Each structure stands twice: as structure tokens, then as C-alpha cells.
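> for reference, the sequence and a predicted model appear below.
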Amino acid sequence: MNKHFLTALALLPLAAAAQNPTTVLTPEKLWQLGRLGEMQVSPDGKTVAYTVTRYSLADNKGNADIYTVPVAGGTAKKLTDTPSSENTLNWRPDGKLTFLSGESGTDQLYVMNADGSGKQQLSSFPDEGLGNLKYAPKGNFILYTQDVKVTPDTKDLFPDLPKADAKIIDDLNYRHWTSWDDHKASHVFFQPIGSDGKPQGYGKDIMAGEKFDAPLMPSGGAEQLAFAPDGYRIAYTSRKLTGKAEAESTNSDIYLYDVRTGKTENLSEGLPSYDTEPVFSPDGSKITWLSMAKPGFEADRNAIIVHDFATKKRQDATTGSELSGANVRWSADGKSLYFVSVVAGAEQLYEVPAKGGKIRQITKGAQNYNAFELAGKNTAVANRTTLSAFADMVRIDLKTGRETPLTTINQADLAGIKMGKVEDRRVTTTDGKQMQVFVIYPPDFDPAKKYPTLLYCQGGPQSPITQSQSYRWNFQLMAANGYIVVAPNRRGLPGFGREWNDQISGDWGGQPIRDYLSAIDKISEEPYVDKDRRGCVGASYGGYSVYFLAGKHEGRFKTFIAHAGLYNLTSWYPSTEEMFFAKHDMGGTPWDATPHKSYTDFNPQLFAKNWDTPMLVIHGGKDFRVPEGQGMEAFGTAQLRGIPSRFLYFPNEGHWILKPQNAVLWQRVFFDWLGRTLKPDGGKAAE
């Protein structure tokens with residue numbers, strides 16, 4: 001059976017979308033859409049500059065350009081149109097806009113007028129990975145990051161063997177996310193700006209001689225760096241550990257560098273976990289940052305710490321709340337803090353007194369405010385998405401929470417495209433809790449018909465399902481191909497209190513899996529769900545869930561798709577890179593005298609003897625969080641057991657599939673597999 005199935009799979013053409021591609025979302029259409037990036041409000045609060053990235057499938061890359069739009073509303077204006085991407089926007093106090101661009105071959109600093117005229121190159125930086133450039137509020141200094149060589153490589157150690165190709169490894173953290181240790185570290189540099197607006201002299205490495213990164217790798221950015229209002233103090237985020245100690249710890253800190261004395265102070269000394277994203281108060285007397293309390297737990301609540309420089313005291317402005325803060329901003333008078341937090345499947349905007357006190361929820365509704373910037377006393381500009389709408393900018397009244405659209409980035413591209421209905425439901429779990437479950441229906445859904453249905457298993461394992469938009473795991477794209485999508489905010493996903501969030505740790509195969517089955521079983525009671533055509537799909541922890549359910553689903557599913565999934569926890573533990581995560585969430589190591597139930601009860605590999613259902617396995621060769629061997633073990637198991645299976649392997653992708661053509665290929669193979677194993681037909685008449 002397996003041989004014949006795979007032969008057919010190889011010979012048949014890729015399945016087309018279940019509906020007319022001119023009226024529904026397709027993978028190709030997704031990659032035509034402009035993607036909202038940075039937002040920066042001008043010093044007078046009247047204009048917001050932002051970037052939009054558009055991708056070329058033919059060129060297999062994207063290009064970001066700069067636009068502006070009045071905060072009060074009006075027509076957006078495109079300011080740049082170059083072959084290279086513009087990024088790292090900063091408004092100078094004189095109202096001119098600076099940015100980095102690679103149009104001269106390497107990323108250099110440029111300036112232009114607010115209308116796009118008068119563009120001028122200001123710098124001649126060496127090509128050393130320049131990034132995260134920020135201006136001091138008075139425009140007199142800049143900071144930026146560059147990679148600095150901090151340890152010798154094999155060519156330094158053996159100069160007579162220049163063609164030798166090897167790595168000598170004596171400690172952990174030799175690779176991270178998608179990159180091997182290159183013997184370099186990202187350091188923060190400081191540089192004065194002359195009266196002509198150009199950087200003066202050479203940048204000073206304020207971390208000289210250190211082997212540590214700032215910001216944190218792999219995903220930290222400019223939000224982890226900050227200038228004091230006068231420009232003479234720099235706050236930055238770094239985890240000043242190396243090797244095994246770094247791999248086993250979440251203890252990053254906020255460091256304060258004094259330009260005048262050259263001294264560095266650890267502001268978060270004694271706080272044992274992640275401390276990130278410093279922001280100075282408008283008068284420079286205080287600083288706030290995000291802080292987690294539990295060592296080794298990367299998904300702990302982010303408290304909002306306020307540190308007073310005069311008293312040396314610090315406090316959690318959100319103490320007593322279960323909200324986890326993000327994107328913190330000070331009010332102009334320094335009395336309030338604004339932030340966003342995930343609650344019940346959406347990301348809302350909040351206000352809290354800087355000295356602590358009652359938290360006010362500003363916004364409500366089914367949307368995400370993914371990022372925001374203040375634009376005057378009672379106004380914010382935010383990046384907004386829903387499960388049916390891609391990112392646009394809106395203006396928010398901070399008193400009422402009322403929003404007003406500012407951009408319509410993809411209005412023309414999406415004209416005539418039908419989106420499926422999104423339903424927010426509650427399902428009772430096996431322990432009597434109410435679980436939020438999003439159900440997304442195909443466009444032109446007919447309840448008198450039966451539809452193939454997908455259980456979507458979220459990764460993280462503590463990444464919430466909210467109103468965000470994914471360009472790969474896109475629910476509207478799945479619905480456009482004729483599927484009902486069931487997406488539960490199961491145990492472990494933020495926005496439903498700390499107990500709900502924390503319960504997954506050490507219990508990967510327990511209540512979270514029962515939550516998934518509760519969701520699919522309840523929604524399957526609907527007459528329009530075809531119980532004979534149900535699939536289960538997911539990535540990362542969601543891929544783990546697919547592998548685990550494949551051995552325990554009791555005939556519920558007719559197909560499985562696992563991307564970057566953890567198949568064998570015993571082999572995964574010592575081969576992943578962030579050991580703190582593995583140790584915390586597994587409850588220990590595989591070689592403990594009494595191994596945790598993660599290894600004895602919740603390891604998918606132990607239940608592969610029960611596999612009996614077709615499976616598509618997807619993995620990236622540069623995925624060091626869940627190394628490629630996990631996918632190979634799963635696929636090899638399916639093949640050796642005679643189970644219809646296919647392995648989609650991307651040698652140069654990591655945990656995520658980021659290159660445009662690879663991403664479209666991913667979608668085509670994904671839907672082709674579903675088409676062959678579930679055979680959607682746009683809904684067949686209910687019996």
C-alpha cells in the first residue's frame with residue numbers, strides 16, 4: 001500500500017485550491033501582500049513614518065520602502081523606491097527622517113526631508129553587520145550594534161591549514177536558532193553626531209573585551225536598547241554568560257553605561273530571569289523594563305519594573321495583576337505607562353500609573369494591537385490585525401479606546417477576495433474549564449453541507465492564538481481551500497490567567513492533549529463536520545502534538561501534518577540549544593535517576609507502534625531549536641512501519657520557512673497532501 005500510494009503522490013499534479021483562486025486567498029496572493037513593518041512618529045506628533053515590505057517570488061526576496069501618513073488622517077505618501085531595503089527609521093529633532101539603506105552596497109545612514117526630498121548619505125561605516133541604530137533624543141549621539149570577533153577560530157589556531165573546514169567545540173551554545181557560533185558577538189557602539197549631521201570619528205565599543213551579545217540572540221532588536229533623554233546614558237539588554245551557563249539560563253539583565261565615566265552598572269542585579277526592553281522616563285529620572293521572575297521559564301509573566309535612579313528602588317507597576325506586559329511606553333508627563341497584553345485571544349492596550357495602581361483597559365474587541373507608538377497626549381498609532389485582516393495602522397484615542405484607520409495597505413490586492421467567517425466559541429474541557437476555540441469556516445460556507453475539518457495544534461508551547469496573521473499557518477488560507485479549521489487556545493496558551501498558562505510545563509502529553517481532543521470532539525458534533533475527513537496539523541509543540549496524537553487518536557483523524565515537531569524527547573533534550581527551556585518544560589533530564597513522566601509517559605516515540613494514519617513530516621536543516629533528526633526519526637518510523645508518508649525537507653531553512661519560494665512550496669505540498677488524504681470538494685451534501 002505504501003509503495004503504490006507514494007507512486008501516485010509523485011505522479012499526480014499538485015492539487016488546486018478548492019475554490020476559484022480569483023475570489024479566495026492563495027499562497028501566491030499571500031506573498032503579493034505588503035507587510036507593515038516599523039512605525040515612527042515625528043517629534044511634533046503629526047506624522048508617522050513606516051515601512052512596507054513587498055516580496056518578489058521570481059527574485060525570492062523582499063524589499064522594504066518608507067512611507068508617511070498624517071496622524072490626523074490623510075493620503076499615504078511613498079518616500080523611497082530603491083532596489084535595496086530601507087530600515088531602522090529615526091526622526092531627528094529637526095524633523096528630518098534618518099534610516100539605514102544598502103543602496104550603496106552596505107548598510108549606511110541616510111537622511112531626508114519629511115517629504116522624501118533632499119536625501120543624503122551621512123555615513124561610511126565598515127561592513128560589520130551594522131544594525132539597531134538609534135538617535136539620542138537631542139540628536140547629538142547615535143548608538144548601534146556591530147558584530148565583533150571575540151574568540152579565535154580554527155584558521156587563527158592553525159594558520160598553516162587555511163583550507164581546513166572544521167569546528168572545534170569545547171562547550172555548549174555552539175549553535176543557536178539557525179546559526180553556528182561564528183566567534184563573534186553583537187556589541188553596542190556609541191558615536192557623537194557633528195553639526196553637519198554626520199557621525200564623528202569612530203564608534204566606541206561600550207562592551208569592549210566582552211564575549212556577550214547585546215541585544216539578545218536570536219530575536220532581540222532595537223527595543224532592547226535605549227538612550228537617556230540627555231544622551232549621556234545608554235541602557236542595553238544582555239545575558240552576560242557563555243557556554244553551558246548561557247544555554248541553561250534565562251538570566252539576562254539591564255545594563256546602564258555612562259558615556260562620561262565609561263562605567264557600566266547592572267540595574268537588574270538580583271533579578272533571576274529575563275530582564276528586557278528598557279525605556280527611560282521623559283525626564284530621565286526613572287527607567288522601566290520587562291522582567292520575568294522564574295529562572296529557566298521563558299514564558300513567565302512579564303512584570304513592568306520601574307527603577308528610580310534617585311532612590312535606587314524598583315517596583316512592579318503591575319503587581320497583583322496577571323497581565324503580562326509588552327511594548328511599554330511612558331506618557332509625556334511621566335505619570336503613566338502604556339502597554340499591550342494578551343487577554344482571551346486578543347491583544348489589548350492598557351494604562352497603569354507609573355507608581356503602580358489600578359490598571360485601565362483602554363481597548364476592547366477582537367483584534368491585536370501588535371505594536372504602538374504614542375503621538376501626543378491622548379493619541380497612539382498602532383499596528384492592528386485580526387484573523388481576517390492583515391496589518392494596517394490605526395489611530396487610537398487613549399481616553400475612549402476608539403480607533404480610526406490610517407492606512408489601507410492591501411486594499412487593492414484583496415479586492416474581491418472572500419474571507420471565511422471566524423467564530424469565537426467556548427468548549428468544556430475534561431477538568432470542567434471553559435476553553436476558547438476559534439472556528440474558521442470556508443468562504444461561502446453552507447451549513448447544509450459536510451466539510452473536511454482540521455484540528456490546528458499551536459506551538460510555543462506558550463504562544464497564544466490571537467488575532468495575529470501568519471503567512472504560513474494562515475487560517476483563512478486553510479479555509480479558502482475548503483477546510484473548517486478548529487484552533488483551540490488549549491492549556492499553556494497565555495491570556496487566560498497564570499494557572500492556565502503554566503499548567504503545560506511538565507505536562508506536555510497530559511491536559512493540553514486532552515484539551516485538543518475536547519475541542520475536536522465538540523466541534524465534530526456539528527452536522528457540517530465530516531467525521532470521516534478530519535486532519536490534525538501543527539508545528540513545534542504543535543508538531544509534537546501531532547506525533548503524540550498519531551499514537552493515541554483512536555481513529556479520529558485520517559491524516560497528520562507535523563512541521564518541526566519533537567518526536568523523541570530523549571534524543572531531543574541534549575541536541576537542542578536552549579537547555580533552560582528543555583529542562584524546565586520536561587521537568588528534568590532523561591538521565592535523572594527517576595526520569596520525569598515527560599520521558600516515560602509523554603514521549604511520542606514510545607507510541608509510534610500505534611501509528612496507522614498517513615503523515616506528512618516537514619523540517620528545516622538549520623532548525624537548531626528542534627534539530628532535523630527529529631523529523632528524520634519520525635519519517636523513518638512511518639516508512640519502516642509501512643505508513644503512507646512524505647518528508648518535505650528544507651536544507652537552508654530553520655524553525656520557520658522564510659524564503660518566499662520555499663514558503664509557497666510549503667503551502668503547495670501542505671494542501672496537496674490534505675487533498676490526497678482528505679479530498680476536499682467544497683462541501684458535500686449532508687446525509
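In hand now; what should we look at?
> can you give me the strands for the stretch 151-300 of the chain?
Using DSSP state E, counting those that start in this stretch, the strands assigned to the stretch 151-300 of the chain run over residues 175-176, 179-180, 184-192, 204-205, 225-227, 233-238, 253-258, 264-266, 275-280, 286-291.
> tell me which of these sits nearest to residue 36.
Comparing the strands of the stretch 151-300 of the chain against residue 36 with C-beta to C-beta, the closest turns out to be strand 275-280 (20.4 Å). Placement of C-beta: from N, CA and C, glycine included.
> relative to strand 286-291, how tilted is that closest one?
If you take axes from the mean of the first three to the mean of the last three C-alpha atoms, to 10 degrees, strand 275-280 sits at 160 degrees to strand 286-291.
> give me the mean pLDDT for strand 275-280.
Mean pLDDT, strand 275-280: 98.
> which phi and psi values does residue 674 adopt?
Reported as degrees, to the nearest 10, the phi and psi values for residue 674 are phi -60, psi -40.
> how about it: what's its closest non-neighbour residue?
Nearest-residue entry for residue 674: residue 535, 6.1 Å, with adjacent residues in sequence omitted and distances by C-beta to C-beta, 6 or more residues apart in numbering.
> that neighbour and residue 520, how far apart?
Going from residue 535 to residue 520 by C-beta to C-beta, to the nearest Å gives 10 Å.
> do residue 205 as well
54 Å.
> the two: which is more packed in?
Each of residue 205 and residue 520 has its neighbours counted (other C-beta atoms under 10 Å); residue 520 has more, 24 against 14.
> you'd agree the more buried one is up against residue 455?
Yes - in this structure residue 520 lies within contact range of residue 455 using C-beta atoms under 8 Å: 4.5 Å.
> any shared contact partners between these two?
In terms of C-beta atoms under 8 Å, 6 or more residues apart in numbering, residue 520 and residue 455 are both contacted by the residues 486, 534, 536.
> doesn't the first one fall inside a helix?
It refers to residue 486. No - counting by DSSP: H, G, I helix; E, B strand; the rest coil, residue 486 falls outside a helix, being strand.
> ok, it - contacts?
Contacts of residue 486 by C-beta under 8 Å, 6+ apart are 437-439, 453-456, 519-520, 523.
> can you add pLDDT, distance to residue 307 and secondary structure and give those residues back as CSV?
As requested, these are exported to CSV (pLDDT from 0 to 100; distance: C-beta to C-beta, whole Å; DSSP: H, G, I helix; E, B strand; the rest coil):
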residue, pLDDT, distance to residue 307, secondary structure
437, 98, 41, strand
438, 98, 39, strand
439, 98, 45, strand
453, 98, 50, strand
454, 98, 47, strand
455, 99, 45, strand
456, 98, 41, strand
519, 98, 43, helix
520, 98, 47, helix
523, 98, 48, helix
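> from those residues, which would you call buried?
Among the contacts of residue 486, those classed as buried by 16 or more other C-beta atoms under 10 Å are 437-439, 453-456, 519-520, 523.
> tell me where the stretch 101-250 of the chain has helices.
154-157, 243-247 (DSSP state H, counting those that start in this stretch).
> next one: the stretch 351-500 of the chain
So, for the stretch 351-500 of the chain - with DSSP H, counting those that start in this stretch - the helices run 475-480, 498-502.
> just to revisit the earlier point, from the contacts of residue 486, which is closest to residue 74?
Ranked by distance to residue 74 (C-beta to C-beta), the contacts of residue 486 are led by residue 438 at 34.8 Å.
> who does that closest one bridge with?
For residue 438, the beta-bridge partners are residue 424, residue 487 (DSSP bridges).
> ok, residue 396 next?
Here residue 396 sits in beta bridges with residue 380, residue 403, going by DSSP bridges.
> what's the neighbour count on it?
Close neighbours of residue 396, defined as other C-beta under 10 Å, add up to 24.
> from residue 386, how far out is it?
15 Å.
> residue 515 too?
According to C-beta to C-beta, residue 515 and residue 386 sit 24 Å apart.
> more neighbours, those two?
More crowded of residue 515 and residue 386, by other C-beta under 10 Å: residue 515, with 24 against 18.
> need the contact list for residue 225.
By C-beta under 8 Å, 6+ apart, the residues touching residue 225 are 132, 134, 143, 145, 188, 214-215, 234-237, 278.
> next, the buried residues of stretch 55-75.
55, 62-69, 71.
> of the residues you listed, which is the nearest to residue 356?
Distance to residue 356, by C-beta to C-beta, is smallest for residue 71 among these, at 30.2 Å.
> I'd assumed residue 382 was in contact with that closest one.
No - Residue 71 is beyond contact range of residue 382, at 11.6 Å (criterion: C-beta under 8 Å).
> count the neighbours of the residue nearest to residue 674 for me.
If we define neighbours as other C-beta under 10 Å, then residue 535 has 25 of them.
> do the same with the one 4 residues further on
Neighbour count for residue 539, taken as other C-beta under 10 Å: 27.
> and if you look at residue 354?
20.
> so what's the nearest residue to it once chain neighbours are set aside bridging to?
Spatial nearest neighbour of residue 354, excluding adjacent residues (C-beta to C-beta, 6+ apart): residue 337 at 5.3 Å. For residue 337, the beta-bridge partners are residue 330, residue 352 (DSSP bridges).
> next: the one 4 residues further on.
On DSSP bridges, the residues paired with residue 341 through beta bridges are residue 348.
> need the contact list for the closest residue to residue 177 other than its chain neighbours.
Closest residue to residue 177 apart from its sequence neighbours, by C-beta to C-beta, 6+ apart: residue 218 at 3.7 Å. Under the criterion of C-beta under 8 Å, 6+ apart, the neighbours of residue 218 are 176-179.
> and the gap between residue 218 and residue 624?
From residue 218 across to residue 624, the span is 9 Å (C-beta to C-beta).
> overlap of the contact sets of these two?
Common contacts of residue 218 and residue 624 (C-beta under 8 Å, 6+ apart): 176-179.
> and of these, the nearest to residue 676?
Nearest to residue 676 among the shared contacts of residue 218 and residue 624: residue 178, at 31.0 Å, using C-beta to C-beta.
> touching, the closest one and residue 627? I think so.
No - counting by C-beta under 8 Å, residue 178 sits too far from residue 627 to count as a contact (11.4 Å).
> element containing residue 672, please.
helix 660-678 (DSSP states H and E).
> list of residues touching that helix?
By C-beta under 8 Å, 6+ apart, the list of residues contacting helix 660-678 from outside reads 8-9, 12, 14-15, 17, 27-28, 30-31, 55-57, 60-62, 452, 454, 471-472, 477, 481, 483, 533-535, 537, 558-559, 561, 614, 616, 618, 644, 646, 648, 650, 653, 657, 680.
> in it, what counts as buried?
Neighbour-count burial for helix 660-678 flags 660, 662-678 (criterion: 16+ other C-beta under 10 Å).
> please apply the same query to stretch 403-414.
Buried residues in stretch 403-414, counting neighbours by 16+ other C-beta under 10 Å, are found at 403, 406-407, 409-410, 414.
> how about low-confidence regions in this structure?
Filtered on pLDDT under 70, the chain yields the residue ranges 1-22, 680-687.
> more neighbours: which of residue 178 and residue 627?
Each of residue 178 and residue 627 has its neighbours counted (other C-beta under 10 Å); residue 627 has more, 21 against 18.
> setting aside sequence neighbours, what's the nearest residue to the more buried one?
residue 575 (4.9 Å).
> that neighbour reaches residue 629, doesn't it?
Yes - look at residue 575 against residue 629 with C-beta under 8 Å: they come within range, at 6.8 Å.
> give the buried residues for stretch 526-544.
Counting neighbours by 16+ other C-beta under 10 Å, stretch 526-544 gives 528-530, 533-544 as buried.
> from the contacts of residue 225, which single one is nearest residue 588?
Of all the contacts of residue 225, residue 588 sits closest to residue 237, with 29.1 Å by C-beta to C-beta.
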